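A.B. asks: Sequence and predicted structure below; questions after.
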Amino acid sequence: MAEHVFDKYLRQDKLPHIWCAGCGNGIVTNALIRAIEKSGLQQDDVVIVAGIGCSSRANGYLDFCGLHTNHGRALAYATGVKMANPKLKVIVVTGDGDCTSIGGNHFIHACRRNLDITTIVYNNSNYGMTGGQFSPTTPTGSRTKTSVYGNIDTPFDICELAKASGATYVSRATTYHVTMLIQQMTEAIQHKGFSVVEAACSCPTLFGRLNKQGNAPQMMQRLKDDAVMLQQTEKMTEHELQGKLVIGKFVERTDRPNIRHVMLN
Ligand SMILES: Cc1ncc(C[n+]2csc(CCOP(=O)(O)OP(=O)(O)O)c2C)c(N)n1
Ligand code: SF4
């Protein structure tokens, strides 16, 4: 019998994982494994770089060369790995807090540099690992441990941020839309330039509980109900788009200079 992808790509000795029941991190990581398999990469040519957070913990379970780095600094390490050995496929796994809060500066400049690095952002709208504080993607009005009366800030749209900063592949899917997530990750991995896939996922233990969003299947249902395909948005008014999560591919371009190509040519 052919070896199962989980036997091939998961460190069995590190299981069981630390994630809560119903956490979306497993679905995102599963999609990543399948995308790597689909991309036909050699296991030894892949380096997974992570920051700190529940989501960044994925790195420990994935059986590739890897770096579990400081909070918010995964992209700095990833840049070093890629510059040292451009043949490697470098994939960053990071949370919304890790990527756009403490790591926000690294994120925008990594997008600007457009190195061949793929970044998978596990966006559960809060800091899971430290107890559910608000993050830069927490929706306005949402309750978290640090916004008990509702978040007063306006959230980042990670895809818009990546697009404006110069990333050349940018997409979003959810843990409900797994086939789309795998497809996007596969395209991102194969893309030449800096690619970002935002995976909207659930943290039922903290964000879900504090916002009375129900159990894990109910949160999954919400991801399904709130999602709108990018193509559909053309016919929708601003009012109709309120509270919706637009999914699809926002950017795919090859016309921006890539620092590696500049250095090697
Ligand atoms: C320099 C530093 N500051 C703060 C922390 C504490 N810390 C660990 S994980 C984390 C937030 C993680 O949130 P996110 O990236 O959204 O990941 P999640 O746990 O939700 O998957 C924080 C603030 C730390 N480890 N290092
Ligand atoms: S706290 Fe939230 S993000 Fe962390 S493992 Fe539990 S459900 Fe997942």
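C.D. replies: That came in fine, so what should we check first? Ligands and ions are numbered 1, 2, ... in the order given.
A.B. asks: Show me what the lengthiest helix in the chain is packed up against.
C.D. replies: Of all the segments assigned as helix in the chain under DSSP state H, the longest by residue count is helix 25-39. Counting contacts by 3 or more C-beta pairs under 8 Å, 6 or more residues apart in numbering; DSSP states H and E, helix 25-39 packs against helix 5-9, helix 58-61, strand 89-95, strand 117-123, helix 178-190. In short, each C-beta sits where N, CA and C put it, glycine included.
A.B. asks: what's the angle between it and strand 89-95?
C.D. replies: Helix 25-39 and strand 89-95 are oriented at 170 degrees to each other (axes from the mean of the first three to the mean of the last three C-alpha atoms, to 10 degrees).
A.B. asks: can you tell me if helix 25-39 touches ligand 2.
C.D. replies: Yes - for a cut-off given as C-beta under 6 Å from any ligand atom, helix 25-39 has contacts with ligand 2, namely Asn25.
A.B. asks: What sits closest to Leu230 if chain neighbours are left out?
C.D. replies: Leaving aside its sequence neighbours, Leu230 sits nearest to Gly248 (C-beta to C-beta, 6 or more residues apart in numbering; 3.2 Å).
A.B. asks: For that neighbour, what is the enclosing helix or strand?
C.D. replies: Following DSSP states H and E, the helix or strand that holds Gly248 is strand 245-252.
A.B. asks: Below-threshold pLDDT in the stretch 151-265 of the chain: ranges please.
C.D. replies: Residues of the stretch 151-265 of the chain meeting the criterion pLDDT under 70: 259-265.
A.B. asks: one more time with 90
C.D. replies: Screening the stretch 151-265 of the chain residue by residue with the criterion pLDDT under 90, one finds the ranges 255-265.
A.B. asks: Look up which residues are beta-bridged to the residue nearest to the spatial centre of the chain.
C.D. replies: The central residue of the chain, meaning the one whose C-alpha is nearest the mean C-alpha position (C-alpha atoms, centre = their mean), is Val121 at 1.6 Å. With beta bridges defined as DSSP bridges, Val121 has these partners: Thr94, Glu198.
A.B. asks: Next, find the distance separating it from ligand 2.
C.D. replies: Per C-beta to the nearest ligand atom, to the nearest Å, Val121 is found 13 Å from ligand 2.
A.B. asks: What of Gln190?
C.D. replies: 28 Å.
A.B. asks: And Ala78, by the same measure?
C.D. replies: For Ala78, the distance to ligand 2 under the criterion C-beta to the nearest ligand atom works out to 22 Å.
A.B. asks: Could you shift the numbering so residue one becomes 49, and keep it that way?
C.D. replies: In the new count, where the first residue is 49, that last one comes out as Ala126.
A.B. asks: Spell out the secondary structure type for that residue.
C.D. replies: For Ala126, the secondary structure call by DSSP: H, G, I helix; E, B strand; the rest coil comes out as helix.
A.B. asks: give me the number of residues near the residue lying closest to it once chain neighbours are set aside?
C.D. replies: In space, not counting the residues next to it along the chain, Ala126 is nearest to Val97; the distance is 4.3 Å by C-beta to C-beta, 6+ apart. Val97 sits with 28 neighbouring residues when counted by other C-beta atoms under 10 Å.
A.B. asks: Return the set of residues that bridge with Val97.
C.D. replies: What pairs with Val97, by the bridge criterion (DSSP bridges), is Leu115, Val140.
A.B. asks: That one is in contact with Ser104, isn't it?
C.D. replies: No - under the criterion of C-beta atoms under 8 Å, Val97 is not in contact with Ser104, lying 9.3 Å apart.
A.B. asks: thinking again about what came up before, for the residue nearest to the centre of the chain, give me the pLDDT.
C.D. replies: Looking at Val169, its pLDDT reads 99.
A.B. asks: sorry, back to before: please enumerate the shared neighbours of Val97 and Ser104.
C.D. replies: Residues within reach of Val97 and of Ser104 at once, by C-beta atoms under 8 Å, 6 or more residues apart in numbering, are Ala122, Val141.
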